[in-house]
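Visitor: 3D model of this:
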Amino acid sequence: MTQKKVLVSGSAGFIGGYVVEELLGRGYKVVGIDNYSKYGPVTKSYDQHPDYEFHEGDVRDTELMVELLSDCDHFIAGAALIGGISYFHTYAYDLLATNERIMASSCDAAIKAHAGGTGRLKKVTYMSSSMVFESATEWPSFEGQERQVPPPLSSYGFQKLAVEYFAKAAWDQYKLPYTIVRPFNCVGVGESRALGDEEILSGNVKLAMSHVVPDLVQKIVKGQDPLHILGTGEQIRHYTYGGDLARGIVTAMEHPDAVNDDFNLSTPHGHSVAELAQAIWGKIKGADVPMTLISDDPFEYDVQRRVPATDKAARVLGFSADTTLDTMLDEVIPWIVSAVENGTI
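Guide: The predicted model follows:
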């Protein structure tokens, strides 16, 4: 039996790294492509794995993508300019323009590799985002709500919604099968300060690529007290472990009932930013040390509630994200502390 092969674009990225590990663990041959635009060259634990090959390249090179996809069974389209809230406010145009070109090239190449069903490529699994629900006013956000609520106002959310339109349009015209997955608030190890990340002060400490968990950890480790947060701290997020998300993404890629469908991938448990800050503070400072918060002005598109419906992924895929916030923080905090000491955050 021929070993199945998967191309992962954005394989050197944060979620991409977890996805490659999950695929290798399930026995796939994996081809990764990344241009290192976010962090610069990085070393991954699987770089020398016999079933992994890496190509440093740009997904906008359609001919290269056609070549790489020609002997792959699946394509997980994860490459994108992506970052936290300051990143997508600072690079609002670049992010939109670049990601549209990445997605167009990805689809063009996949359409050729699929060849109307005569090619080896069977399906594309597209990485969307919870930000497609940016304009929701009722929760939980369920699959399909993204077409019922007004479109996202941020260029990042709008572009992620466009990814979903690419997927459906490629099916409508070329019958290229797809699955859309929407990760919610990934937490894990492997993030560094992004190249070109804006240097923005939050209190006496610079924001750490604006993702809230590494940002709060580095502030506390660097001694910030009172602790600065963006906005009131009442924002609700569903912090989901990267390993759980990768399991959901690969399960969605494999599952026969996931073809031409979309899935939220998230823990069902939500926390406010203030609750998250308290949890991190307690683990670093001690539960008996009081914490004081100061609210900085939030960014323009700081969504107040990102609350997913998770029942469809459970019902169709049998997927649930079970890693608790407490367990995630026990893994992630030491990694971030080490990164701070090494000057990478």
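Visitor: what stretches of the stretch 51-200 of the chain score poorly on pLDDT?
Guide: Low-confidence segments of the stretch 51-200 of the chain, defined by pLDDT under 70, are located at 83-84, 192-200.
Visitor: can you give me the strands for it?
Guide: With DSSP state E, counting those that start in this stretch as the criterion, the stretch 51-200 of the chain has strands at 52-56, 74-77, 123-127, 178-183, 186-187.
Visitor: any idea which of these gets closest to Ser105?
Guide: Ser105 sits nearest to strand 74-77 of all these, at 10.1 Å, using Cβ to Cβ. From N, CA and C alone the C-beta is placed, and that goes for glycine too.
Visitor: what lies in contact with that closest one?
Guide: 4-9, 19, 69, 103, 106, 110, 113, 121-127, 163, 249, 253 (Cβ atoms under 8 Å, 6 or more residues apart in numbering).
Visitor: one more: stretch 11-22?
Guide: Outside of stretch 11-22, the residues that reach it under the criterion Cβ under 8 Å, 6+ apart are 8-10, 30, 32-34, 36, 38-39, 42, 44-46, 52, 54, 76, 78-79, 82, 127, 183, 186, 188, 190-191, 242-243, 245-247, 249-250.
Visitor: then stretch 140-159?
Guide: Applying Cβ under 8 Å, 6+ apart, the contact partners of stretch 140-159 are 82, 88-89, 92-93, 95-96, 99-100, 129-137, 160-161, 164, 261-264, 300-301, 306-310, 312.
Visitor: can we see that at 7 Å?
Guide: Applying Cβ atoms under 7 Å, 6 or more residues apart in numbering, the contact partners of stretch 140-159 are 88, 92, 95-96, 99-100, 131-136, 161, 262-264, 301, 307-309, 312.
Visitor: turn the strands of the stretch 51-200 of the chain into JSON lines, including mean neighbour count and distance to Leu216.
Guide: As requested, the strands of the stretch 51-200 of the chain are exported to JSON lines (neighbours: other Cβ atoms under 10 Å; distance: least, Cβ to Cβ, whole Å):
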{"stretch": "strand 52-56", "mean neighbour count": "16", "distance to Leu216": "32"}
{"stretch": "strand 74-77", "mean neighbour count": "27", "distance to Leu216": "30"}
{"stretch": "strand 123-127", "mean neighbour count": "25", "distance to Leu216": "25"}
{"stretch": "strand 178-183", "mean neighbour count": "25", "distance to Leu216": "20"}
{"stretch": "strand 186-187", "mean neighbour count": "24", "distance to Leu216": "11"}
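Visitor: can you redo those strands as TSV with distance to Leu153?
Guide: Formatted as TSV, those follow (distance: least, Cβ to Cβ, whole Å):
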stretch	distance to Leu153
strand 52-56	35
strand 74-77	24
strand 123-127	21
strand 178-183	18
strand 186-187	22
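Visitor: look up how far Pro226 lies from Gly27.
Guide: Distance check for Gly27 against Pro226: by Cβ to Cβ, to the nearest Å, it reads 50 Å.
Visitor: wait, Leu81 touches Leu96, no?
Guide: No: taking Cβ atoms under 7 Å as the definition, Leu81 is not a contact partner of Leu96, at 8.9 Å.
Visitor: more neighbours: those two, which one.
Guide: When Leu81 and Leu96 are compared on other Cβ atoms under 10 Å, the one with more neighbours turns out to be Leu81, at 21 against 18.
Visitor: quick check: phi and psi on that one?
Guide: Reported as degrees, to the nearest 10, the phi and psi values for Leu81 are phi -70, psi 120.
Visitor: show the contacting residues for it.
Guide: Remark: with contacts taken as Cβ under 7 Å, 6+ apart, Leu81 is in contact with 91, 94-95, 98-99.
Visitor: now Ala110
Guide: Under the contact definition (Cβ under 7 Å, 6+ apart), the residues listed for Ala110 are 69, 75, 121, 124, 176.
Visitor: for Ile82, see how far away the nearest residue to it once chain neighbours are set aside is.
Guide: When the adjacent residues along the chain are set aside, Ala110 lies closest to Val124, with 5.0 Å between them (Cβ to Cβ, 6 or more residues apart in numbering). Val124 sits 18 Å away from Ile82, taking Cβ to Cβ as the criterion.
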